[in-house]
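Colleague: Give me a 3D structure for the following:
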Amino acid sequence: MPLMRRRELEEGIVLETAAGAPIVDVNGDPIRSKRAAQYAVSTTVLSRILMAVPGMVAPSIIVHAVSRRTNLLKRFPRADIPIITIASATGISFAMPMCCAIFPQRSALAADSTEPSVRARLAAAGIGTHERLFYNKGL
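Modeller: Next up is the predicted model:
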């Protein structure tokens, strides 16, 4: 993930107002923040990891429970394949929307938590350090 989004980490992500308009400096160039890019990439990596966990953990738990409580897998040894498939699909189908809800695509950042050079450009553009800035973090 960090390799695919290397450009964002090097140049930064465009900061936006609450209305979604890009914040521009006095020259009309969009103001970018590398710190926002770091937050975006790290939360995206975390959401991708959390998205995969139910699909990896649920099948093992379900197959273990079925093998302990019934003799289904002893009578039909290949029955674990559809059980694993259904459990994986169910886990992923719940994990995907859950992670998208926990980590929304559009995130907020306090202006005073940006890097000093960005704060100076924000001040020149008339944006105070107490304001909330937004950025598109991606999925």
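
Colleague: going forward, measure contacts and count neighbours with C-alpha atoms only.
Modeller: Noted.

Colleague: what separates the nearest residue to residue 14 once chain neighbours are set aside from residue 10, distance-wise?
Modeller: The spatially closest residue to residue 14, leaving aside those adjacent along the chain, is residue 32, at 4.3 Å (Cα to Cα, 6 or more residues apart in numbering). The gap separating residue 32 from residue 10 is 10 Å, by Cα to Cα, to the nearest Å.

Colleague: neighbour-wise, which of those two wins?
Modeller: Taking other Cα atoms under 10 Å, residue 32 and residue 10 do not tie; residue 32 has more neighbours (23 against 12).

Colleague: can you pull the contacts of the more buried one?
Modeller: Residue 32 makes contact with 11-15, 118 under the criterion Cα atoms under 8 Å, 6 or more residues apart in numbering.

Colleague: Secondary structure, distance to residue 135 and neighbour count for those - can I get that in TSV?
Modeller: Shown next, in TSV, are the contacts of residue 32 (DSSP: H, G, I helix; E, B strand; the rest coil; distance: Cα to Cα, whole Å; neighbours: other Cα atoms under 10 Å):
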residue	secondary structure	distance to residue 135	neighbour count
11	helix	14	12
12	coil	10	17
13	strand	7	23
14	strand	6	23
15	coil	5	27
118	helix	14	20
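
Colleague: Three-state assignment for the most centrally placed residue in the chain, please.
Modeller: With distances taken as Cα atoms, centre = their mean, residue 44 lies nearest the centre of the chain, 2.7 Å away. Going by DSSP: H, G, I helix; E, B strand; the rest coil, the secondary structure assigned to residue 44 is helix.

Colleague: Let me know whether it touches residue 106 as I believe.
Modeller: No. Applying Cα atoms under 8 Å as the test, residue 44 and residue 106 come out as separate, 11.5 Å apart.

Colleague: Now for those two: what residues contact both?
Modeller: With Cα under 8 Å, 6+ apart as the test, residue 44 and residue 106 both reach 137-138.

Colleague: Can you list the low-confidence ranges for this protein?
Modeller: Within the chain, the ranges that satisfy pLDDT under 70 run 1-2, 139.

Colleague: so where do the strands sit in the protein?
Modeller: Using DSSP state E, the strands of the chain run over residues 13-14, 32-33, 106-110, 132-136.

Colleague: Many thanks, I have nothing further to ask.
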